[in-house]
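J.: build me a model from this:
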Amino acid sequence: PYTDWLDFVLARDDTPLVISTSYGDDEQTVPESFAIRACKGFAQLGARGVSLMFSSGDGGVGDNDANPATQQCFSNDGHNTTKFLPSFPASVTTVGGTTNIPEVAVSRFFSGGGFSNY
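T.: Residues are numbered from 1 along each chain as shown. Below is the predicted model of the structure:
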């Protein structure tokens with residue numbers, strides 16, 4: 001969904017200064033070629049002075065489980081390697097979750113984006 005949206009926004013002369021979404025993905029769920037194309041589009045928006053904010057996900061880059069037998073952070077490359085799983089897109093500012101009123105940072109799960117493996 002990102003590339004169609006990027007093409008639309010990049011074609012405009014009146015881009016907003018801040019774009020916020022509540023959607024994010026695990027990096028390993030998108031092909032590397034797609035991730036590179038999308039991140040180049042995000043960089044073009046950044047060069048225009050646009051700030052991009054995306055959700056950081058509900059699990060951070062790990063699952064907070066020290067037991068390898070029950071961990072859920074595995075690569076999907078056929079090797080099932082235990083590894084940190086960065087959020088996609090990793091080339092933008094990711095924002096963690098809040099809860100309650102007044103708002104406070106979530107504490108029942110980790111929130112964070114990580115660094116791209118691409």
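J.: let me know the average pLDDT across stretch 37-45.
T.: Mean per-residue pLDDT for stretch 37-45: 92.
J.: which residues does it contact?
T.: Here stretch 37-45 makes contact (Cβ atoms under 8 Å, 6 or more residues apart in numbering) with 2-3, 6-7, 9-10, 15, 19, 30, 52, 89-92, 116, 118. Where you see a C-beta, it was placed from the backbone N, CA and C, and this is true even at glycine.
J.: how about the residues you listed, which pair is most distant?
T.: 15 and 118 (25.1 Å; Cβ to Cβ).
J.: picking up where we left off before, narrow the contacts of stretch 37-45 to those in helices?
T.: 2, 3, 6, 7, 9, 10 (DSSP state H).
J.: report the contact partners of the closest residue to residue 49 other than its chain neighbours.
T.: Using Cβ to Cβ, 6 or more residues apart in numbering and skipping the chain neighbours, the partner closest in space to residue 49 is residue 17 (6.5 Å). Residues near residue 17 by Cβ under 8 Å, 6+ apart: 49, 50, 51.
J.: can you add distance to residue 35 and neighbour count and give those residues back as TSV?
T.: Formatted as TSV, these follow (distance: Cβ to Cβ, whole Å; neighbours: other Cβ atoms under 10 Å):
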residue	distance to residue 35	neighbour count
49	23	9
50	19	16
51	20	13
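J.: just give me the least confident of these.
T.: residue 51 (90).
J.: that residue reaches residue 18, doesn't it?
T.: Yes: between residue 51 and residue 18 there is a contact under Cβ atoms under 8 Å: 4.7 Å.
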